[in-house]
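Asks: sequence unknown, structure follows:
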């Protein structure tokens, strides 16, 4: 009897290990949990966007590629909002320049700002230190894509297409 229990336990462990290996290979690890202040000083928690296809964009006002990418993200938020896509910007910067930048560029999505906090979140996403950095999180809260560098609209459309309803 104990021999069969041992065999069953080994089989269960192997099956669990195979499932874990598939999960790790799929690139579908859960997104880190975080909360940061927005431009109005209100703390926003990432769980607020659970159930949506979430595009998290790490950027800064002093980053030239970021400045090029933001107008495309503003247009994409307008285009994809009704399809359940939410964009949030995490500014690796000080609040005052981000407020001016957001007003000038007409940013139409939440911007969270706290240089030290954003750096910790980027590190938690294993996003490296470069900017811009964009992370795609599926509706179940799993990280699906990490993109280093400036995205074009064509690249963004292709990135989102497999996950849209």
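Replies: Perfect, thanks for sending it. What you see is a predicted model, and the numbers here were worked out from it, not measured in a lab.
Asks: which stretches in this structure count as strands?
Replies: 35-37, 43-45, 53-59, 85-91, 111-113, 133-137, 143-148 (DSSP state E).
Asks: packing partners for the first one?
Replies: Here strand 35-37 touches strand 43-45, strand 111-113, helix 115-124, going by 3 or more Cβ pairs under 8 Å, 6 or more residues apart in numbering; DSSP states H and E. Yep, even glycine has a C-beta here, placed from its N, CA and C like the rest.
Asks: most packed of those?
Replies: Highest mean neighbour count among the helices and strands packed on strand 35-37 (mean count of other Cβ atoms under 10 Å): strand 111-113, with a mean of 24.
Asks: by mean pLDDT, point me to the weakest helix or strand of the protein.
Replies: Taking mean pLDDT, DSSP states H and E as the measure, the helix or strand of the chain with the lowest value is helix 2-25, at a mean of 42.
Asks: if we can go back for a sec, can you redo the helices and strands packed on strand 35-37 as TSV with mean pLDDT and distance to residue 56?
Replies: Shown next, in TSV, are the helices and strands packed on strand 35-37 (pLDDT from 0 to 100; distance: least, Cβ to Cβ, whole Å):
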stretch	mean pLDDT	distance to residue 56
strand 43-45	98	12
strand 111-113	98	9
helix 115-124	95	8
